[in-house]
Structures are given as structure tokens and as C-alpha cells.
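>>> predicted model and sequence follow; I will ask about them next.
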Amino acid sequence: MMVMGMYGYQKYHNKNTEYTLESMRMLQGYPNLNDVLGVPVKLRGFQASNPFHRRTDKQIRIYLPVQGAVKPASVYSWCSLHDNTDTGKQQWRVDRLDLQTDVEGSLQQWTIFQHPECREDPDLVFQRAELSEKQEMNSIISSTPVLDSSSKSAFDEPKLNPKS
């Protein structure tokens, strides 16, 4: 039996998610990968606390530190959840994949994949989804009845009558 702490579980889970595996598969298929990083390229680890990571119900963006045979790099992936018409199930699709590494002493980042159906900048789509979720939460909060000062609350302290 294997015992794993929450950090270990999170690291294992995130490395083996559909969107992480698909992002790595697409990176491995990049035609200039050997020239840029050298092959093989492996995931160095998953940093769950990275501020680039964001997730909504239907979108996620992740940062993946990778190590090529020649040098390290950073992969930034924007993914969205879509219905698969063949299987009838939902699956994660990589919308955009960026690679960032040192090129001749200068840090450079370029897009190595952009899904043809994702014509809009994934960051804008992501921000819109986050805004929509916040608006939905605000509407739930604003529709919750508020107790006025004259009504009794379960948290009111009972008033004790002094004994005469």
C-alpha cells in the first residue's frame, strides 16, 4: 500500500491529467524540438503553486517546467473542455501551447501550437469565464435574504432574566 501526502497526491494527479499529458504529447511533436531543447524532453515536476495556473469549469491554463537534453524550458498551455462527438464524453483540448527558453542569452517565448477552432486569445476567453463565474456568485450572494435588526437570529445571545 502506498501512502502519499496531499502535496505528493497533487503533484502526481496534475502530472497525469488529460490536459498535462496532451500538452506534453504536443510538445514532443514539435518539429524543431531537437534544435531548440534537444531530445528527449521530460517534465521536471509540477508546481501546483505557480501563479500562472488558473482553472474554471471549462478552462485551465498550466505551466509545465521541462528539461531537454540540451537545456530547460517552460511550457505554457491553455486548454478547454469540449464534448467529444465520437465518444459522447467531455475531454480536454489544448487551445494554445507556448514554449519559453533562453536563446543566445535572451529569454524568448513563442507559440508552437494554436488550435484552429480557437481564434481568440485564450487569456481573453479565460478572463471572460472567470468574470462570468464571479458574476454568478455575486447574483447568488445578492439574492440571499438578509436578516434585519428586528428579527431574531440563531446567533443572538439569549437574554437572561436576573433573579429577584
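It's in. Small disclaimer: the values here were computed from a predicted structure and weren't measured.
>>> isn't residue 79 right next to residue 97, touching?
No. Counting by C-beta atoms under 8 Å, residue 97 is not a contact partner of residue 79; they are 9.2 Å apart. Using the backbone N, CA and C atoms, a C-beta is placed for each residue, glycine as well.
>>> those two: which is more packed in?
When residue 79 and residue 97 are compared for neighbours, residue 79 comes out ahead with 26 against 22, by other C-beta atoms under 10 Å.
>>> so that one is in which element?
Following DSSP states H and E, the helix or strand that holds residue 79 is strand 72-83.
>>> other SSEs contacting that strand?
Based on contacts counted as 3 or more C-beta pairs under 8 Å, 6 or more residues apart in numbering; DSSP states H and E, the elements that strand 72-83 packs against are helix 18-28, strand 59-67, strand 90-103, helix 122-142.
>>> mutual contacts of residue 79 and residue 97, please.
Overlap of the contact sets of residue 79 and residue 97 (by C-beta atoms under 8 Å, 6 or more residues apart in numbering) consists of residue 23.
>>> next, count neighbours for residue 24.
Counted with other C-beta under 10 Å, residues neighbouring residue 24 total 19.
>>> follow-up on the earlier one: what's the angle between the strand holding residue 79 and strand 59-67?
Taking axes from the mean of the first three to the mean of the last three C-alpha atoms, to 10 degrees, one finds strand 72-83 and strand 59-67 inclined to each other by 150 degrees.
>>> strands paired with strand 72-83, and their directions?
strand 59-67 (antiparallel), strand 90-103 (antiparallel) (DSSP bridges).
>>> who touches the longest one?
In other words, strand 90-103. Contacts for strand 90-103 (C-beta under 8 Å, 6+ apart): 17-19, 22-23, 26-27, 30, 36-37, 60, 71-84, 107-115, 118, 122, 125.
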